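**Student:** can't give you the sequence, but here's the structure:
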């Protein structure tokens, strides 16, 4: 029969005839044949299967072999023995090479035919050895896929015991050698299918024998971490990732990143190759493992690896966004790499040139999936442009391309950035390791205490959180300038963009410290604030004169000496600015005007003057609790300050207990201040040289003090402001010298704010002088802080010509009579109705202690801009009038009180920050309100309020122009370079510290405190176990790669 079949398949008869005859041959298999005939038939069909010249011959071979093996099983069992199979695997078949896939297919089919025969067990034992040998020979993907098919169907052929671990490791190495040189889609699909079969085999083995998983993963890492330049592991290894249980991520990554035997070069290679895996189609969880490894490296502070890999691979990851199959994973990894790379714009700027083309391409296809992808991409782009807003030339084309897509809110952007940084403590993987010394979860930067410099730190943080002021400082072009404003700009830029937890402001401290401040001793923050603002103001005045001088020289004008420049600056300082363009930044932000009227009660002649101020010093109302305090003195000795922003009140004696009502700070030149020393405290001086009248020694009368039922005095900032602005009678030792009467006369003095500042600074005069014991004591009275403050402002019109200087001995006839009537103590005539300007509380500087020479300062603050819309003008301003006999300028029962209560409720959920030197934490307005009731020595001292509903003309470049992407202006290149350089230095420092700690941990045993955490552990600290439980790392020591 074998001769007939052989002649048939090689004959030239028509194919249909051949098929009919073959069918007859198959049917004849049922008949009895002797062993020699059966062997001849098996030999012929084997030759047809393995060496058939065409598909028909191979098909006939399979059909006849299966039929005869079924009916003559003992004979086939004798034919398909260990020797025959071993010969096929080791020597091939005639001209057929042993590595030909046809041989494996033949053996696969043979096993199926004798599955029920006893001899199959011998074949399984043989194949367990042979498949291991075959895998060690690094078979091609096609052969390895056929082998995987065989082993999937016959798991008995998979090596057992220790050999199973070796087999898995060798199979991993084999996958690492896979390559596909074809670029045709058909061949690529076939290649992916082959790799998938091999990876599925490994998955099945891992499930059946879990002990093989970890050695297999070790082999994967060994392959991808190889630094051998002659070997590049295949991307096909990505197919294994989806089969690794996700529950093992944390343990495996921690073990890997903390293994001291893994060198940085190997880790860099491994990470780069894992990122390359993103191009492997159909592979799942690759992005999850890549991000886990990135977080793991950040947790152990190996920032050099992260920086190198990000810069090397960021463009490749971005390019993967073009391919739909791998786009989701690529976008996830791209987002993490960009958002965590926050120390420098370098990585983001590598992909910026490619963004517009990608956006336009996906916009044009109109697919829903493309739209969803673009929404996610644009959110990422907005976050990065917000963080690095100093490159409008690069970002304008992108803003135009993504203008139709939603922009995330500033709060959401800040949250995303704060949670994504390498040094973020919200990193879930990092929480398993030692706590990082990166930024707090607030995203804000603290200031290092340089030795009793908390007075400066608290003030700087309050100014930094004054959003409009910060933006103006950062927008200044100060290149080539070494002014104090330049140093403040440098400090603000670092507070905004540094990766450090806290910044050391050494340069700024040395430049801004008043000369009379003793280094490393506690000072008054209010005095420091006035000095700082005055220095900034004076510098800008001088720079403006110098710039105009240079301009005149360029136009051919005669040269002006430095003395003339200084004289011009002094003139500009003493002359109030009438237009915004002439004002300095300090005047624009903090400058207001206060009009003072003094009316002689004998002749009704009136003197008045408008003074500039940058802060209002609010004295406490007299009460029985203060009977031992003879007078209230300012926080500093302003008449000796260097600069023109001075506290213009001068302490003087008083026969009865009381508190002086100091005037406001005024702009004045230092040279003029030295000439304005008040010789006699009890004589009112109204010469033009005196920037502020010496009214601090006056007796305050006719002022109501709010009291509780039991007589206990309670105060609010509103009460103190009422007390400051209320009229007062100058009598007794405090009489006013009227030049019209040429004698001392009783007089009435009133003050009105005629121009409100953008930021209202209020200083609560808490430090009083005790004449009995000759010491300065602190008033610890609790003062309630309204979230909404309404400032009465009366803009002058009829007396504008008199607003710049005191008018002496003037008989005003009708005008003076009308003015005198308005200033009458009786208040029977028509009262003026000032406009109520709303302010929102921006920051509070708190003093903790009982003396101005000791204690500690810290501050509460939040971000407020001039466009805050939470305050609604729902009250009627005409219901509150400023009468000379009033007891409350701003009544507590005003309709705005309801608005304030609503705002307070809303503010509970908004972000307030507590700045305490290096430490920055979230807090609430409720904590601000209750600080003194909870800690009696901690009292509000300096307050910053932001004017609301204002159209601030300072913001020439705002976010609507597309240039100030995050609301803050773009930084100068010099500043950005300095920040980038320092951020890299910081990351290197962190990495070195982490390595040092790792070496110490490796050389010494870990000793934990037996009784839990130390009582001195700061709030939120990880304690002895670093958040992972006692001895947590020892449990994974055996998992080290």
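**Tutor:** Received, thanks. Source: prediction; values computed, not measured. Residues are numbered from 1 along each chain as shown.

**Student:** Need the nearest residue in space to the residue nearest the centre of the chain, chain neighbours excluded.
**Tutor:** What sits nearest the mean C-alpha location of the chain, by CA atoms, centre = their mean, is residue 418, with 3.2 Å. Using CB to CB, 6 or more residues apart in numbering and skipping residues adjacent in sequence, the residue nearest residue 418 is residue 443, 3.7 Å away. Placement of C-beta: from N, CA and C, glycine included.

**Student:** And for residue 29?
**Tutor:** Leaving aside its sequence neighbours, residue 29 sits nearest to residue 67 (CB to CB, 6+ apart; 4.0 Å).

**Student:** For that neighbour, which three-state class applies?
**Tutor:** helix (DSSP: H, G, I helix; E, B strand; the rest coil).

**Student:** what about it, how many residues close to it?
**Tutor:** Other residues near residue 67 come to 18 when the count uses other CB atoms under 10 Å.

**Student:** so it sits right up against residue 26, yeah?
**Tutor:** Yes - if you go by CB atoms under 8 Å, residue 67 and residue 26 touch, sitting 4.6 Å apart.

**Student:** Would you mind giving the domain segments of this protein?
**Tutor:** Annotated domains of the chain cover 241-424, 439-544+584-591+613-618+757-795+834-864+910-949 [the TED database].

**Student:** Rounded mean pLDDT for the longest one, please.
**Tutor:** This points to domain 439-544+584-591+613-618+757-795+834-864+910-949. Averaged across domain 439-544+584-591+613-618+757-795+834-864+910-949, pLDDT comes to 89.

**Student:** for the first one, same thing?
**Tutor:** Predicted confidence along domain 241-424 averages 88 (mean pLDDT).

**Student:** related to what we said a few turns ago, run a quick neighbour tally on the residue nearest to residue 418.
**Tutor:** The tally of other residues near residue 443 (other CB under 10 Å) stands at 16.

**Student:** Report whether it is found in a helix, as I expect.
**Tutor:** No - going by three-state DSSP, the assignment for residue 443 is coil, not a helix.

**Student:** is it true that it touches residue 414?
**Tutor:** Yes - the pair residue 443 / residue 414 is scored as a contact, 5.9 Å apart, by CB under 8 Å.

**Student:** residues in contact with residue 857?
**Tutor:** Residue 857 is in contact with 454-455, 457-459, 525, 845-848, 941, counting by CB atoms under 8 Å, 6 or more residues apart in numbering.

**Student:** Please repeat the previous calculation with a cut-off of 6 Å.
**Tutor:** The neighbours of residue 857, taking CB atoms under 6 Å, 6 or more residues apart in numbering as the test, are 454-455, 458, 525, 847.

**Student:** do the same with residue 985
**Tutor:** Contacts of residue 985 by CB under 6 Å, 6+ apart: none found.

**Student:** So it versus residue 525, what's the distance?
**Tutor:** In this view, residue 985 and residue 525 are 31 Å apart by CB to CB, to the nearest Å.

**Student:** what do you get for residue 50?
**Tutor:** 94 Å.

**Student:** And residue 301, by the same measure?
**Tutor:** Taken as CB to CB, the span from residue 301 to residue 525 is 36 Å.

**Student:** got it, and residue 231?
**Tutor:** Computed as CB to CB, the residue 231 to residue 525 distance reads 64 Å.

**Student:** Comparing those two, which shows the higher neighbour count?
**Tutor:** residue 525 (26 against 10).

**Student:** okay but that one is in contact with residue 456, surely?
**Tutor:** No - between residue 525 and residue 456 no contact is recorded; they are 7.5 Å apart, counting by CB atoms under 6 Å.

**Student:** Let me know the secondary structure of residue 843.
**Tutor:** Three-state assignment for residue 843 (three-state DSSP): strand.

**Student:** contacting residues for it?
**Tutor:** With contact taken as CB under 6 Å, 6+ apart, residue 843 is in contact with 462, 465, 859, 861, 944.

**Student:** can you put these in JSON lines and add secondary structure?
**Tutor:** Output for those, formatted as JSON lines (three-state DSSP):
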{"residue": "462", "secondary structure": "helix"}
{"residue": "465", "secondary structure": "coil"}
{"residue": "859", "secondary structure": "strand"}
{"residue": "861", "secondary structure": "strand"}
{"residue": "944", "secondary structure": "strand"}
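
**Student:** Of all pairs in the residues you listed, which one spans the longest distance?
**Tutor:** The two members of those with the most space between them (CB to CB) are 859 and 944, at 9.2 Å.

**Student:** before we move on, back to that, for residue 739, state which of the contacts of residue 843 is nearest.
**Tutor:** Using CB to CB, those come closest to residue 739 at residue 944, 40.0 Å.

**Student:** Surely the residue nearest to residue 29 is in contact with residue 25?
**Tutor:** No - judged on CB under 6 Å, residue 67 makes no contact with residue 25 at a distance of 8.3 Å.

**Student:** ok, the contacts of residue 843 vs residue 591, which is closest?
**Tutor:** residue 944 (14.1 Å).

**Student:** Quick one, grab the pLDDT at residue 98.
**Tutor:** Note on residue 98: pLDDT of 89.

**Student:** Over to residue 608?
**Tutor:** On the pLDDT scale, residue 608 gets 88.

**Student:** any idea how far residue 739 is from it?
**Tutor:** For residue 608, the distance to residue 739 - CB to CB - is 14 Å.

**Student:** Counting neighbours, go ahead and name the busier of those two.
**Tutor:** The residue with more neighbours, out of residue 608 and residue 739, is residue 608; 20 against 13, by other CB under 10 Å.

**Student:** Check the gap between the more buried one and residue 68 for me.
**Tutor:** From residue 608 to residue 68 the distance is 126 Å (CB to CB).

**Student:** Do a quick rundown of the strands in the stretch 851-1000 of the chain.
**Tutor:** Using DSSP state E, counting those that start in this stretch, the strands of the stretch 851-1000 of the chain run over 856-861, 912-916, 919-923, 938-947.

**Student:** can you list those strands in TSV and add distance to residue 329?
**Tutor:** Formatted as TSV, these follow (distance: least, CB to CB, whole Å):
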stretch	distance to residue 329
strand 856-861	41
strand 912-916	37
strand 919-923	34
strand 938-947	45
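
**Student:** For residue 333, which of these is the nearest?
**Tutor:** Between residue 333 and the strands of the stretch 851-1000 of the chain, the shortest separation by CB to CB is 30.2 Å, and it involves strand 919-923.

**Student:** Residue 240 contacts residue 199, doesn't it?
**Tutor:** Yes - at 5.3 Å, residue 240 counts as touching residue 199 under the criterion of CB under 6 Å.

**Student:** show me where pLDDT drops low in the stretch 551-700 of the chain?
**Tutor:** The stretch 551-700 of the chain contains residues with pLDDT under 70 at 551-581, 623-700.

**Student:** let's see it at 50
**Tutor:** Low-confidence segments of the stretch 551-700 of the chain (pLDDT under 50): 557-562, 565, 572-573, 624-700.

**Student:** Around the residue nearest to residue 994 when sequence neighbours are not counted, how many other residues sit close by?
**Tutor:** What sits nearest to residue 994 in space, not counting adjacent residues and going by CB to CB, 6+ apart, is residue 301, at 3.7 Å. Counted by other CB under 10 Å, the residues lying close to residue 301 total 27.

**Student:** Now residue 301, what are its backbone angles?
**Tutor:** Main-chain dihedrals, residue 301, degrees, to the nearest 10: phi 60, psi 40.
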